[in-house]
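Trainee: Sharing a model prediction with you, sequence too.
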Amino acid sequence: MRYRLVVTVTLLSLALAGCARVPLLAPESRHGASSPASSDTAFDVVDARGRTVHFEHPPGRVLVSGKANLMIMEAIYLFESGAEQVPAFPQAGQRKAQSKVFLSLLDPNYEEKPQFQWSASGEQIASFDPDVVLMKSFMADQVGRALEELGIPVVYVDFETPEQYTRDLRILAKLLDEEERLDDILEYYDSQQERVTERLRDLSREEEPRVLLLQYSDRGGEVAFNVPPASWIQTVLVERSGGRPIWTDAAQGGGWTVVNFEQIAAWNPDKVFVVNYFSGVDQVVEKLREDPKWQSLAAVQEGELYGFPKDFYSWDQPDPRWILGLTWLAKRMHPARFSDVDIETELFTFFEEMYRLEENVIENDIVPHLEGDWK
Amino acid sequence: MTARSTLFVLVGAFLVLFLASLLLGRYPQPYWMPISLLIDDPLARRLVLNLRLPRVLTACLLGASLSGAGSVLQMIFRNPLVEPGFLGVSQGAAFGAAVSILFLGGGPLAIEATATVFAGLGLFLSHLLARRIRYGGWTLRLVLAGIAVAALFSAGLGLLKYLADPLTELPAIVFWILGALWGITWQDVLYIAPMVAPALLVIYLMRWRLNLLSLPDEIAFSLGTAPGRERTLLLGAAVVAVAAVVSVAGVVGWVGLIVPHISRRLVGADAQGAVPVSIVSGAIFALACDNLARALIAGEIPLGILTSLFGAGLFLLLLTRKAPRLG
Amino acid sequence: MREHQTLVSAQGLAFSYNGSGKAVFRDLSVNIPDGSITAILGPNGSGKTTLLHLILGFLHPNQGLIRLDGRLQSHYSRREMGRFMALVPQNEHLAFNLSSLEYVLLGRAPYLGPLQTPTGRDREVACAALRSTGAEDLKDRSLDTLSGGEQQLVAIARALAQEPRLLLMDEPTAHLDLGNQGRVLDVVRRLAGEGVTVAFTTHNPNLAASLASHVILISGGGVLAADATGLVLTEENLSRTYGVDVAVVQIGDRQTIWLRDASCVEDHRPGAAQKL
């Protein structure tokens, strides 16, 4: 008799599993009528994960959350309506104090808007009543699924490589309904890139310096040098600026990989660029220049050790500033070909055109934060 | 009987906790949601039915499976220091699930199948190795072998994660090794239910046999049991249940160790009473921990951190309070 | 009621443990008469426990046949064997602590399917079994609080809960003090009176002499003698078995066994005075 009980339970459970996709509540759109899209303002967006998300009209409240949300936030503020449509700020992981100050330059209502943890769960995000949530692709499992179950539209973006930048900016433009502004932004980015590509067109292989890009970190008291994987924007920037990245064999894993000095010496690069996200890059470069080990490197002896510039954020990251990083790198790689390019001018142009900041604001609030060998 | 009345009390407590958990969360404000919201706010309804309910159910199934399996493992191996996480069962399941996602396409059935296979492999290896170790008593040998096998599978999992595309293929390593219920949807519940429900039922129905199977082999034999076959059936049920929950929730530790211990303290070592108490207590424990995991702060605390905190803490308390009579 | 004179008959048993190479038995044949109390007597390491396990079916002989009540052992199902015979081991180590009643209840296993739990009737049988060994006060005490003698009585009760026809006991009075030994012997005698066949191993000839109706004397991997007690326990047989000079003295209707060189063989018979 009991055997039958076991069998019955098994069959019942299997039957339940058969109707796995049980929609307890019809996934109706939260915005407007659920009648098929006949309104003029309806549009579709294909996000970084290839999902098509449908909107009846452009979302009013655009919330950004998840890890590495900073890149997305800064991209939103390239558009004019960013300030209106962002209802709340996720606290950034990197250098919270700095991020506060920069975003307050961009958003006049910064002080009044609430802040929340970047790691907020689906429920927490829902309590801000967003019309769309933007996150990086890898947040899908942790938060994305929960939001989708709640019927809150989620659009994933990457902003990791120059190509993704273009694609994801288009997505933002659609969501914020600013196609014209998008053209201006893309024109700027394209022209900057083209200038570099043009001047390097006839570059021969011998002329490419052998380059090492290192991230310095001393978190927790441990000093470590890391190299980025081949697919990341740092490597792409080095290649596009006419350099040859020599570290790619070491970074087989998915993220920053630690390398020791022995390896660095064995590589014997022509130029070394040091990135530091979490503290001052100038002190670090200074320390390395005085370190006898490092002094034995040809690059250091020839003065080819550079600190990667940063203002609030380093210019090597997939943050809108990467375009400045590209220009600066090209100038460092091939000074002769870019002798007429003045980084300070480029800087002002960038913040004026991209973030619509006034000259005196840039002078007083951004320039003082500049570090690295940017001049 | 005291065991029976204890069980009634626990079931009652469980039901109360279950209902309360549905009203606990971060929407619209931290912790409690007023019931009226369920009528007024469609988002609140949706949240409770599509998000909280499946998650709460999964937490209960997780706790019940891990404690049920823990009871089975402890009695069959005559070893009060084992649990699925100590014998490589959970880690094997996690490894199997990761292998399935990376190399076999990752459909839910495939994931559960490979998870079960590797979980069983983990158990088999632990037992095999324990017999070959030439150091210490049986208790120690089994735990040593189990920890080694668990470490091997964890390392394998780490390696897979290192080699995989960091952005899309595998969920974060944190998810696997610390366990989390943040991505649970109805789909997950309905996929693990056909594995967990029959497995737990088998364990429940055979609970008295566990007493027999913890006897020395010749006695169990003289009592007319087929120790090999019955043990295989019970271990199989335990492995199936654990593999199912690990494939959706990662490795959640300590539940399978501490809850059977506490149950035996409450109602005695007789498996007839201790196993049901263990299963219900496990559900309560996991549910309570998951409530904290998702509602305590704005972000999500991985579930395994909380179960380790409370589980290990309780365990130390138990060990130091009474003389080591682990029964 | 008794269809066969012999309850257990083993013929031509050969057995060796895997990997040891050394044969425990080469060609062993024994019979255990129905309704008897049979002692399996022999020195340490002569394979007495092995023989018990072979009869139990827990070990399989390399050669030879065993018949239980006329039927081949291999024709019995596990549950049938569990209802036919019960084992009281020398000592049991339990990892988990049951109460005496819960432990005795385990003896009902041969009457329950794998998915069943004990019923009220089973509980009654278990209580009765405890009563018949005089251990009913120990019902709710947990096993680790019992003395060695009390544990032995509870173990016997567990075996009795199986309602067996044959009770196998391995060194039943080892480690017991005089009082407890007496109780065990009383229980065994009473069981025999109720028709249960008892077979026990021992290395102590005096125990065999005082309790058993039949003795199987094992030595050197084979049977030296197997017959009624009085016929087996002779000076010649025992001296050959133990390799020492043994004296057998008849006191009343029982034999007592001594070592001939002035030191005494330990005598555990109840009420016996210490001999010097």
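Mentor: Cool, the structure landed. Residues are numbered from 1 along each chain as shown, chains lettered A, B, ... in the order given.

Trainee: can you pull the contacts of residue 236?
Mentor: Chain wasn't specified; assuming chain A. With contacts defined as CB atoms under 8 Å, 6 or more residues apart in numbering or on different chains, residue A:236 is in contact with A:161, A:162. Using the backbone N, CA and C atoms, a C-beta is placed for each residue, glycine as well.

Trainee: look at chain B instead
Mentor: Neighbouring residues of residue B:236 by CB under 8 Å, 6+ apart: residue B:120.

Trainee: what secondary structure does it sit in?
Mentor: Classification of residue B:236 by DSSP: H, G, I helix; E, B strand; the rest coil places it in helix.

Trainee: Let me see the confidence value for it.
Mentor: pLDDT recorded at residue B:236 is 93.

Trainee: what about the residue of the stretch 101-250 of chain C found nearest chain A, which helix or strand?
Mentor: Closest contact between the stretch 101-250 of chain C and chain A, by CB to the nearest CB, is at residue C:115 (4.0 Å). Per DSSP states H and E: residue C:115 is located in neither a helix nor a strand.

Trainee: Can you read off the pLDDT for residue 39?
Mentor: Assuming you mean chain A. Model confidence at residue A:39, given as pLDDT, is 61.

Trainee: not what I meant, chain C
Mentor: On the pLDDT scale, residue C:39 gets 93.

Trainee: The residue of chain B positioned farthest from its centre and chain A, how far apart?
Mentor: Most distant residue from the mean C-alpha position of chain B: residue B:40, 37.0 Å away (CA atoms, centre = their mean). Distance of residue B:40 to chain A, computed by CB to the nearest CB, to the nearest Å: 14 Å.

Trainee: Need phi/psi at residue C:142.
Mentor: Dihedral pair for residue C:142: phi -80, psi 150, per degrees, to the nearest 10.

Trainee: who touches the closest residue to residue A:297 other than its chain neighbours in this structure?
Mentor: Leaving aside its chain neighbours, residue A:297 sits nearest to residue A:265 (6.5 Å; criterion: CB to CB, 6 or more residues apart in numbering or on different chains). Residues in contact with residue A:265 (CB under 8 Å, 6+ apart) are A:293, A:296, A:297.

Trainee: Take those and write them to JSON lines, including neighbour count.
Mentor: Conversion of the contacts of residue A:265 to JSON lines gives the following (neighbours: other CB atoms under 10 Å in any protein chain shown):
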{"residue": "A:293", "neighbour count": "12"}
{"residue": "A:296", "neighbour count": "12"}
{"residue": "A:297", "neighbour count": "21"}
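
Trainee: Please flag which of those residues sit within helices.
Mentor: Counted as lying in helices by DSSP state H, out of those, are residue A:293.

Trainee: can you confirm residue C:258 is in a helix?
Mentor: No. Counting by three-state DSSP, residue C:258 is not part of a helix but strand.

Trainee: Would you mind pointing out the helix or strand the nearest residue to residue C:60 once chain neighbours are set aside falls in?
Mentor: Using CB to CB, 6+ apart and skipping residues adjacent in sequence, the residue nearest residue C:60 is residue C:54, 7.7 Å away. If you go by DSSP H and E, residue C:54 is part of helix C:48-56.

Trainee: can I get the CA coordinates of that helix in CSV?
Mentor: Coordinates of each C-alpha in helix C:48-56 appear next as CSV, following Å, rounded to 0.1, in the frame of the first residue of the first chain:
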residue,chain,number,x,y,z
LYS,C,48,33.1,-20.8,16.6
THR,C,49,31.7,-17.4,15.7
THR,C,50,32.4,-18.1,12.1
LEU,C,51,30.2,-21.2,12.3
LEU,C,52,27.4,-19.2,13.9
HIS,C,53,27.6,-16.6,11.1
LEU,C,54,27.5,-19.4,8.6
ILE,C,55,24.4,-20.9,10.1
LEU,C,56,22.9,-17.4,10.2
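
Trainee: continuing past that helix, what's the next helix or strand?
Mentor: Next along from helix C:48-56, by DSSP H and E: strand C:63-68.

Trainee: buried residues in that following strand?
Mentor: C:64, C:66, C:67, C:68 (16 or more other CB atoms under 10 Å in any protein chain shown).

Trainee: between that strand and helix C:48-56, how big is the angle?
Mentor: 70 degrees (axes from the mean of the first three to the mean of the last three CA atoms, to 10 degrees).

Trainee: Pull up the pairing partners for strand C:63-68, direction included.
Mentor: Strand C:63-68 has the following strand partners under DSSP bridges: strand C:6-16 (antiparallel), strand C:71-72 (antiparallel).

Trainee: element containing the one residue in the stretch 51-200 of chain C that gets nearest to chain B?
Mentor: When distances are taken as CB to the nearest CB, the stretch 51-200 of chain C reaches nearest to chain B at residue C:82, 2.4 Å away. Using DSSP H and E, residue C:82 maps to helix C:78-84.

Trainee: now that helix: mean pLDDT?
Mentor: In this model, helix C:78-84 has a mean pLDDT of 92.

Trainee: next one: stretch A:59-70
Mentor: For stretch A:59-70, mean pLDDT is 86.

Trainee: returning to what we had before: identify the residues contacting the residue of the stretch 51-200 of chain C closest to chain B.
Mentor: Counting by CB under 8 Å, 6+ apart, residue C:82 touches B:222, B:223, B:224, B:225, C:109, C:110, C:162.

Trainee: Out of those residues, list just those in helices.
Mentor: Residues of the contacts of residue C:82 located in helices (DSSP H): residue B:222.

Trainee: In TSV: the contacts of residue C:82, plus neighbour count, pLDDT and distance to chain A.
Mentor: Converted to TSV, the contacts of residue C:82 look like this (neighbours: other CB atoms under 10 Å in any protein chain shown; pLDDT from 0 to 100; distance: CB to the nearest CB, whole Å):
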residue	neighbour count	pLDDT	distance to chain A
B:222	31	92	24
B:223	27	92	19
B:224	24	89	18
B:225	25	88	17
C:109	29	94	16
C:110	23	94	18
C:162	25	94	22
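
Trainee: Between which two of the contacts of residue C:82 is the distance greatest?
Mentor: B:225 and C:162 (12.0 Å; CB to CB).

Trainee: from chain A, which residue is nearest to chain C?
Mentor: residue A:2 (4.0 Å).

Trainee: How about the contacts made by the closest residue to that residue other than its chain neighbours?
Mentor: Closest residue to residue A:2 apart from its sequence neighbours, by CB to CB, 6+ apart: residue C:115 at 4.0 Å. When the contact criterion is CB under 8 Å, 6+ apart, the partners of residue C:115 are A:2, A:3, A:6, B:205, B:206.

Trainee: All good on my end, thank you.
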